[in-house]
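>>> whatever this is, show me its structure:
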Amino acid sequence: RVLSCKIILQCSIIRGIILESPSCTMPLIPSLLLLTVVMLASPARCQKVCPCAIRDSTVYYNTLVMDCSHLALADFPGGCIDDHTNEVSELLLSYNSLTAIRSTTLVDFQELQILMLDNNKLTFIDVTSFEFMKSLQVIDFNHNLDLFLEPETLSYQYGLRFLSTIGTNLGQLPYINASAVLERVDIRSSELTSLRLELVNKKLSPPSFYFNCHGNEEIPDVAAMTLLDFPDDSIVNMNTGVHIWARTEEEKEALITKPWTINVDLVTAIKLCEVDGLPGDLDICFA
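Presented below is the predicted three-dimensional model:
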């Protein structure tokens, strides 16, 4: 009946007359009122709804968790951006179908401390995507099989404590040496081909430090200076066939006597630059 009245209303306006239709028993004026109500109500029904579950955080006082996991999301839902976004400390986007994080995708989450992006289909993350997240402590990229990160992607994460990239295709780890409080780096099976010379902050001093790069078969050589920057009492796991290149006898001795836990036989793994040959990446010995 409403649709019939709409058609009549259009015809009536064109003719400039008021009439009733056999197919619509309501007079035109009540019909107009009804249509006005319908038209005013329609935008409310069309507003975007946030599909994510929101609850109080048990980790950070007086903040919120936004749980968007397991929702088959192809993009971040716009309906979840509101006046309370800055109260969100934990954003969980695990197990979705996200393919990209652009510079504006998460720009409203400026107080975020935990970001879970694991088990998506990410291939692109804009280099400025996390630049405004000054409080970010934990970021998980696990199992984004084709993920690549630009070198500067995490350059502004001065408070980063936990980074995980298990099961990705990074090729090269982005810079993570801005943070002096880094506690855990788990980059197993990330298709890495090398480790940066200045991998971690030289003033790194967490209560404990865990580093695992096992499963990156394309890393044949590592610089001793890279590992010497790790804090004492670190726990380190690497491929057991790796060659660790020291530039001097002092570096070699410092590694062997370092009070840490490492799964590599350092006596056989450490090579002396030029004395025992040279690595494929000459920067390891000469940069």
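
>>> now the element after the host helix or strand of Arg55, going C-ward?
Element membership of Arg55 [criterion: DSSP states H and E] is strand 53-56. Sequence order places strand 64-67 as the next helix or strand after strand 53-56, per DSSP H and E.

>>> pull up the pairing partners for that following strand, direction included.
strand 53-56 (antiparallel), strand 88-92 (parallel) (DSSP bridges).

>>> where do the domain boundaries of the chain fall?
Following automatic domain parsing, one gets these domains for the chain: 2-46, 52-192, 220-287.

>>> OK, contacts around the spatially most central residue of the chain?
By C-alpha atoms, centre = their mean, the chain has its centre lying nearest to Leu117, at 4.9 Å. Residues near Leu117 by C-beta atoms under 8 Å, 6 or more residues apart in numbering: 93-94, 98, 101, 139-141, 144. For the C-beta atoms, the positions are set from N, CA and C on the backbone; glycine is no exception.

>>> now it: how far from Gly79?
Going from Leu117 to Gly79 by C-beta to C-beta, to the nearest Å gives 20 Å.

>>> what of Ile262?
48 Å.

>>> which one of those two has more residues nearby?
More crowded of Ile262 and Gly79, by other C-beta atoms under 10 Å: Ile262, with 18 against 12.

>>> the more buried one - nearest residue in space that isn't next to it in sequence?
Distances taken as C-beta to C-beta, 6 or more residues apart in numbering put Val236 closest to Ile262, at 4.3 Å, once the chain neighbours are dropped.

>>> my read: that neighbour touches Phe230, true?
Yes. Counting by C-beta atoms under 8 Å, Phe230 is a contact partner of Val236 at 6.7 Å.

>>> what touches both of these two?
211, 260.

>>> tell me the contacts of the nearest residue to Pro151 once chain neighbours are set aside?
Distance criterion C-beta to C-beta, 6+ apart; nearest residue to Pro151, sequence neighbours excluded, is Pro174 at 5.3 Å. Contact analysis of Pro174 by C-beta under 8 Å, 6+ apart lists 149-155.

>>> where does Pro174 land on pLDDT?
On pLDDT, Pro174 comes in at 96.

>>> just the one 5 residues further on next, same as before
In the predicted model, Ser179 carries a pLDDT score of 97.

>>> equivalent analysis for Val236, please.
98.

>>> how near is it to Asp229?
12 Å.

>>> swap in Ile187?
Taken as C-beta to C-beta, the span from Ile187 to Asp229 is 16 Å.

>>> out of those two, which sits in the more crowded spot?
Per other C-beta under 10 Å, whichever of Ile187 and Asp229 has more neighbours is Ile187, with 23 against 17.

>>> how near is that one to Val138?
15 Å.

>>> repeat that for Ser194.
Distance from Ser194 to Val138, by C-beta to C-beta: 25 Å.

>>> now flag whichever of the contacts of Pro174 is closest to Gln113.
For the contacts of Pro174, the closest approach to Gln113 (C-beta to C-beta) belongs to Leu154, at 14.6 Å.

>>> among the contacts of Leu117, which are in strands?
101, 139-140 (DSSP state E).

>>> now render these as TSV, adding pLDDT.
Converted to TSV, the ones in strands among the contacts of Leu117 look like this (pLDDT from 0 to 100):
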residue	pLDDT
Ile101	97
Ile139	99
Asp140	99
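
>>> any chance of the residues you listed in JSON lines, with neighbour count too?
Putting the ones in strands among the contacts of Leu117 into JSON lines (neighbours: other C-beta atoms under 10 Å) gives the following:
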{"residue": "Ile101", "neighbour count": "21"}
{"residue": "Ile139", "neighbour count": "23"}
{"residue": "Asp140", "neighbour count": "21"}
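
>>> any chance of those residues in TSV, with distance to Lys258 too?
Shown next, in TSV, are the ones in strands among the contacts of Leu117 (distance: C-beta to C-beta, whole Å):
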residue	distance to Lys258
Ile101	38
Ile139	28
Asp140	29
